[in-house]
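> Next one to model:
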Amino acid sequence: MRPVLLLAGSFIALLAALAVLWAHRYERAPGLPVWRLADLRQGTPEVAGVEWAGSADEPLLRLVRTAGKPPVALRLALPGAPAVEMLQLRYHLAARGLTLGKEEWASGRMMIEWFPPDGSADVEKDPVGGAKLDDRHGPVTLVAAPAQGPAVPALRLEHLGRAGEFEISALEITAVKERQLWKTGRWVLALGWLAWTFACIRAWPGVSRWRALAAAAVWVLMGIHFAIPGPWKIQRPLGTHFRLGETAQARPSGQAPLLVEPHAPVQIASGAIPASGDVRVQGGMALRARYLLRHLRILLHVALLAAPTLAFAILLGRRNAIRLAIPLALAIEAAQVALGYGFDWVDVIDLLTDAAGIALGLWLAARLERWLRPLAAGRGVAA
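I've put the predicted structure just below:
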């Protein structure tokens, strides 16, 4: 019983360490304020289809479109914002009778625009929220970062539906950066998970040290790329929020804030802008492939579990492969729930396709074994 208790206790300790490190992943970028809707409202001209409600200190921004009217798109500059590495956003989004347009993305949506500090025209659009029909989302907390940073941020809101209302409230935007604790601690944590997985596999009879290490490495790498941190470009807290620490004090006059550019050469103005079209999902290669091949979603999920299951079966045998593949599938789905992506009937289908992927991996391992057996026997005869 002692090895079992040690493995169970170390598993709980690793989960706790992951939760603590993730909660403290970010800290405030020093010398910068927290931008709220009241700050963004200042200097914003009147725009058709845009309404402000609520109080002066806690306004609510509403985009309204009626049938026959053009789409509504609005850019809100962040006053005095320099080029930053990352932004944490907290907000509430709501839709009322917002009917979708011809395309799936023709709804109410919120994006961060990342402007290159050199003033080039290569502006990145980063979707960070959306709503349709009578959806309500909030409070939502997430961290967004440009693909090529630092960059100067601005908020972009669009109502591309046929009719209805799209509104945002309780908005807080904070410039953040990754803590050194996370930059170093994630490697220590990864090694901890590798050691734990290796110990579990070594407890099974007949598994050599190197095969156990190789299988453990595959399991941990799959967890890193598809569970936590996962393929997501937008990062969400494990719970309600990230612990950023106390509000950073402004630096003395004449000194630039750390980890931000001292000046933003681009000039961003608030006001009406042309509505954009489809904005591709960004993030890791797996997430981009999932978006581009979304009509093949089932096949992608099957392949996602078939490949590591085949590797586990080659290294450890088919029976032991199941012991690793099933927890891996459950960890991937559980991570999505823990990060706030929810669980619905689509995820049930994902679990079924995960099971199909595991079965396919085991079948391929059996076929490979049958194909290699005559070759091995032939070599034995020749010897």
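> With adjacent residues omitted, what lies nearest to residue 156?
residue 111 (4.4 Å; C-beta to C-beta, 6 or more residues apart in numbering). The way it works is simple: take the backbone N, C-alpha and C, and place the C-beta from them, glycine included.
> Residue 137 now?
In space, residue 137 is closest to residue 93, 4.5 Å off (C-beta to C-beta, 6+ apart).
> The one you found: neighbour count?
24 (other C-beta atoms under 10 Å).
> sec struct for it, please.
Recorded secondary structure, residue 93: strand (DSSP: H, G, I helix; E, B strand; the rest coil).
> For it, give its distance to residue 362.
43 Å (C-beta to C-beta, to the nearest Å).
> can you pull the contacts of residue 49?
63, 64, 65, 69, 72, 159 (C-beta atoms under 8 Å, 6 or more residues apart in numbering).
> Surely residue 369 is within a helix?
Yes: secondary structure of residue 369 (three-state DSSP): part of a helix.
> For it, give me the pLDDT.
As predicted, residue 369 sits at a pLDDT of 82.
> Could you do residue 290 as well?
Reading off the model, residue 290 has pLDDT 53.
> Then residue 314?
pLDDT at residue 314 comes out at 95.
> what are the C-alpha coordinates of the helix or strand where it lies, in PDB please?
In this structure, residue 314 sits in helix 297-316 according to DSSP states H and E. The C-alpha trace of helix 297-316 is given here as PDB (Å, rounded to 0.1, in the frame of the first residue of the first chain):
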ATOM      1  CA  ARG A 297     -13.400  17.400 -36.500                       C
ATOM      2  CA  ILE A 298     -14.300  13.800 -35.800                       C
ATOM      3  CA  LEU A 299     -11.300  12.400 -37.700                       C
ATOM      4  CA  LEU A 300      -9.000  14.900 -36.000                       C
ATOM      5  CA  HIS A 301     -10.100  13.700 -32.600                       C
ATOM      6  CA  VAL A 302      -9.700  10.100 -33.600                       C
ATOM      7  CA  ALA A 303      -6.100  10.800 -34.800                       C
ATOM      8  CA  LEU A 304      -5.300  12.800 -31.600                       C
ATOM      9  CA  LEU A 305      -5.700   9.700 -29.500                       C
ATOM     10  CA  ALA A 306      -4.700   7.100 -32.000                       C
ATOM     11  CA  ALA A 307      -1.100   8.300 -32.400                       C
ATOM     12  CA  PRO A 308      -0.100   8.300 -28.700                       C
ATOM     13  CA  THR A 309      -2.000   5.000 -28.100                       C
ATOM     14  CA  LEU A 310       0.000   3.400 -30.900                       C
ATOM     15  CA  ALA A 311       3.200   4.700 -29.300                       C
ATOM     16  CA  PHE A 312       2.100   3.400 -25.900                       C
ATOM     17  CA  ALA A 313       1.300   0.000 -27.300                       C
ATOM     18  CA  ILE A 314       4.600  -0.300 -29.100                       C
ATOM     19  CA  LEU A 315       6.500   0.600 -26.000                       C
ATOM     20  CA  LEU A 316       4.400  -1.100 -23.300                       C
END
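> Distance check, residue 184 against residue 26.
Residue 184 is 15 Å from residue 26, by C-beta to C-beta.
> between the two, which one's more packed in?
residue 26 (23 against 11).
> so what's the more buried one up against?
Counting by C-beta under 8 Å, 6+ apart, the residues that residue 26 touches are 86, 88, 143, 176, 177, 178, 179, 182, 242, 244.
> Give me the buried subset of those.
For the contacts of residue 26, a burial check counting by 16 or more other C-beta atoms under 10 Å picks out 86, 88, 143, 176, 177, 178, 179, 182, 242, 244.
> Can you verify the last one is assigned to a strand?
In other words, residue 244. No: assigned with three-state DSSP, residue 244 falls outside any strand and is coil.
> hang on, isn't it packed against residue 177?
No: with contact defined as C-beta atoms under 8 Å, residue 244 does not reach residue 177; the gap is 10.0 Å.
> thought the residue nearest to residue 156 was touching residue 279?
Yes: judged on C-beta under 8 Å, residue 111 makes contact with residue 279 at a distance of 6.9 Å.
> Can you work out which residues contact both of these two?
125, 127.
> Just want to know which of the two has more residues nearby.
residue 111 (21 against 15).
> In contact with that one, which residues?
125, 126, 127, 128, 155, 156, 157, 158, 279.
> mind checking which helix or strand it is in?
Under the criterion of DSSP H and E, residue 111 resides in strand 108-115.
> Direction included, what does that strand pair up with?
The pairing partners recorded for strand 108-115 under DSSP bridges are strand 124-131 (antiparallel), strand 152-159 (antiparallel).
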